[in-house]
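In: Model the following, please.
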Amino acid sequence: METAYIDKHVTLVQECRQGNRKAQFEIYKLYAKAMYNVALRIVNFDDEAEDVLQEAFLDAFTRIESFRGDTTFGLWLKQIVINKSINYLRKRKVEFVCLETVDVAEPVDQDEEELEWKVEEVRAAIAELPDRYRVVLSLYLFEGYDHEEIAHILKIAESTSRTQYMRAKMKLNGLLVKRGV
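Out: Residues are numbered from 1 along each chain as shown. Below is the predicted model of the structure:
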């Protein structure tokens, strides 16, 4: 049985295909905040996230004919935002280093129920992570990609994605401990 995607904004998308500026603005208003947050989690700077957002919407409206409707418009747009964000990072010359040959300590088990984190402190600690860690962590935890998909998106080995995710968690934990969280 094949999954059917029901896009509640299909009429707006059709109007966008016809070049309707009001429909484009409505789509923008519907998705801008969520897509900005996706970009911000990856590029880590407000101004850059805004740039990525604008480029992604411009790209989406320019290429809207290629949207086949296999998924919702929101998922299609989110993929464009993620790709634009990663390309923006690449322009900053972020290198994803292969860590297959490095000995890595086992992660420390913690009772997660004992930890009560304040959202702003966690967000600030995530923002302090090096780009390569923050991107993998964000794609895995917040965007729901698995390591195979992350490896494909970032053009790194799957084991590198796993290692960087584990190191990001350890580094994040260390930052939170320093802050007394």
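In: Show me what the lowest-mean-pLDDT helix or strand in the chain is packed against.
Out: One helix or strand of the chain scores below all others by mean pLDDT, DSSP states H and E: helix 119-128, with a mean of 83. Judged by 3 or more CB pairs under 8 Å, 6 or more residues apart in numbering; DSSP states H and E, helix 119-128 is in contact with helix 131-137, helix 158-178. Any C-beta I mention is one placed from the backbone N, CA and C, and that applies to glycine too.
In: Give me the distance from the shortest one to the chain's centre.
Out: Helix 131-137 has its average C-alpha position 10 Å from the chain's average C-alpha position, going by CA atoms, centre = their mean, to the nearest Å.
In: Same check on stretch 122-132?
Out: The chain centroid and the centroid of stretch 122-132 are separated by 13 Å under CA atoms, centre = their mean.
In: Now that stretch - C-alpha only, CSV.
Out: C-alpha atoms of stretch 122-132 as CSV (Å, rounded to 0.1, in the frame of the first residue of the first chain):
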residue,chain,number,x,y,z
VAL,A,122,20.5,24.3,25.5
ARG,A,123,19.9,26.4,22.4
ALA,A,124,22.9,28.6,23.4
ALA,A,125,25.1,25.6,24.0
ILE,A,126,24.2,24.1,20.6
ALA,A,127,25.1,27.4,19.0
GLU,A,128,28.5,27.2,20.6
LEU,A,129,29.2,23.8,18.9
PRO,A,130,31.6,23.7,16.0
ASP,A,131,29.8,23.9,12.7
ARG,A,132,30.5,20.2,11.7
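In: quick one on the thing from earlier: including mean neighbour count, mean pLDDT and distance to residue 121, could the helices and strands packed on helix 119-128 go into TSV?
Out: Output for those, formatted as TSV (neighbours: other CB atoms under 10 Å; pLDDT from 0 to 100; distance: least, CB to CB, whole Å):
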stretch	mean neighbour count	mean pLDDT	distance to residue 121
helix 131-137	23	90	16
helix 158-178	18	91	7
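In: Reformat these as TSV; add distance to residue 31.
Out: As requested, the helices and strands packed on helix 119-128 are exported to TSV (distance: least, CB to CB, whole Å):
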stretch	distance to residue 31
helix 131-137	21
helix 158-178	27
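In: Those helices: which one's closest to residue 147?
Out: The closest of those to residue 147 is helix 158-178. By CB to CB, the value is 4.3 Å.
In: rewinding a little: can you tell me what sits against the least confident helix or strand of the chain?
Out: For helix 119-128, contacts defined as CB atoms under 8 Å, 6 or more residues apart in numbering pick out 41, 44, 134, 137-138, 172, 175-176, 179, 181.
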